[in-house]
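[1] just coords:
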């Protein structure tokens, strides 16, 4: 591994512009820690050509939500909400240490966790108290006709499974994904066979009043935990610990149990965010970030 202490940070817009304007706190803190230790840090635009050239460049590399291109590179990603981050050697969330670690609820103080979870909800999902309604929310992501290696079934099969239980259900489309004519035609064909299924809707409003959420591994599922909504996962995820997992128990059993599932939501949020992520507001944030860089193989 090279000992040259240079870091190339590869970003896509709009986070590229945020970083260039000095408005990305996570990167600002990392840069300050590295430059104090004699490093040089440069920011540039990511893309196919830049990623292809990165392994041959001296020093180290950092990507945002992209697969690292070599063994001197790491990737960083928001842990769903500020100021919590992850810094990892791989992009697949289900392979991160937090995903592989056991969640021990008994070790977490209930009162402190409850206060943390309530403050988090008030900050990131403000509004009236959530209501446990009758409908099911199915937030879709991309590639809905394919079953990929980390999925227990394709997203379309997931929609069929949920529609078949008979509850009112809403399959909402991700605003940043592209759905082609065949995607949309298949979704509307499923809805034609199941009058209880609606395609589209306001995901945020539907989340607040739903009975439970069924997703592959969408971040909407994590927000569901903040609102104390049960979650059924059809794919591997970093926040699987208190969800009902279709790969482990089957779709029928997971969907049957979902409405009455009551895991320790607050304790889990406290563990997942405050205890296992890089909390940039914590008193020991610098120490945590340095430890994560060192664990990733950087000589800091």
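    Everything's here; your move. The structure presented is a predicted model; accordingly, all values stated were derived computationally and were not measured.
[2] tell me which stretches of the stretch 201-300 of the chain form helices.
    Using DSSP state H, counting those that start in this stretch, the helices of the stretch 201-300 of the chain run over residues 203-208, 219-226, 246-249, 251-258, 265-269, 285-295.
[3] where does pLDDT dip in the protein?
    1-3 (pLDDT under 70).
[4] ok, longest helix in it?
    helix 110-124 (DSSP state H).
[5] who does the helix or strand just after that helix pair up with?
    Following helix 110-124 in sequence order, the next helix or strand is strand 136-139 (DSSP states H and E). In the sheet, strand 136-139 lines up against strand 169-172 (parallel), strand 212-215 (parallel) (DSSP bridges).
[6] of these, which stretch is the most buried?
    strand 212-215 (a mean of 26; mean count of other C-beta atoms under 10 Å). From N, CA and C alone the C-beta is placed, and that goes for glycine too.
[7] residues near residue 150, how many?
    16 (other C-beta atoms under 10 Å).
[8] against residue 229, how distant is it?
    Distance of residue 150 to residue 229, given as C-beta to C-beta, to the nearest Å: 23 Å.
[9] count the neighbours of residue 277 for me.
    22.
[10] any idea which of the helices of the stretch 201-300 of the chain gets closest to residue 38?
    Closest to residue 38 of the helices of the stretch 201-300 of the chain, according to C-beta to C-beta: helix 285-295, at 14.0 Å.
[11] how is this structure carved up into domains?
    6-100+278-295, 105-273 (automatic domain parsing).
[12] measure the shortest one end to end?
    For domain 6-100+278-295, the first-to-last residue distance is 17 Å (C-alpha to C-alpha, to the nearest Å).
[13] repeat for the last one
    Distance across domain 105-273, first residue to last, is 14 Å (C-alpha to C-alpha).
[14] again with stretch 255-274
    30 Å.
[15] buried stuff in it?
    255, 258, 263-274 (16 or more other C-beta atoms under 10 Å).
[16] which residue is nearest the centroid of this protein?
    Nearest residue to the geometric centre of the chain (C-alpha atoms, centre = their mean): residue 219, 4.7 Å.
[17] which residue packs closest to that residue, ignoring adjacent ones?
    Spatial nearest neighbour of residue 219, excluding adjacent residues (C-beta to C-beta, 6 or more residues apart in numbering): residue 80 at 5.5 Å.
[18] how many residues are close by the nearest residue to residue 125 once chain neighbours are set aside?
    Of all residues beyond its chain neighbours, the one nearest residue 125 is residue 226 (5.7 Å), with distances taken as C-beta to C-beta, 6+ apart. Neighbour count for residue 226, taken as other C-beta under 10 Å: 22.
[19] quick check: the gap between residue 226 and residue 266.
    Taken as C-beta to C-beta, the span from residue 226 to residue 266 is 10 Å.
[20] now for those two: what residues contact both?
    residue 117 (C-beta atoms under 8 Å, 6 or more residues apart in numbering).
[21] residue 53 belongs to a helix?
    Yes - under DSSP: H, G, I helix; E, B strand; the rest coil, residue 53 falls within a helix.
[22] what about the residue lying closest to residue 147 once chain neighbours are set aside, neighbour count?
    Excluding the flanking residues, the one nearest residue 147 by C-beta to C-beta, 6+ apart is residue 154, at 4.1 Å. Neighbours of residue 154 under the rule other C-beta under 10 Å: 17.
[23] ok, residue 154 - contacts?
    Residue 154 touches 144, 145, 146, 147, counting by C-beta under 8 Å, 6+ apart.
[24] pretty sure the first one contacts residue 183?
    Yes - because the distance of 5.4 Å satisfies C-beta atoms under 8 Å, residue 144 is recorded as touching residue 183.
[25] looking at these two, which one has more neighbours?
    Ranked by neighbour count (other C-beta under 10 Å), residue 144 and residue 183 place residue 144 first, with 24 against 19.
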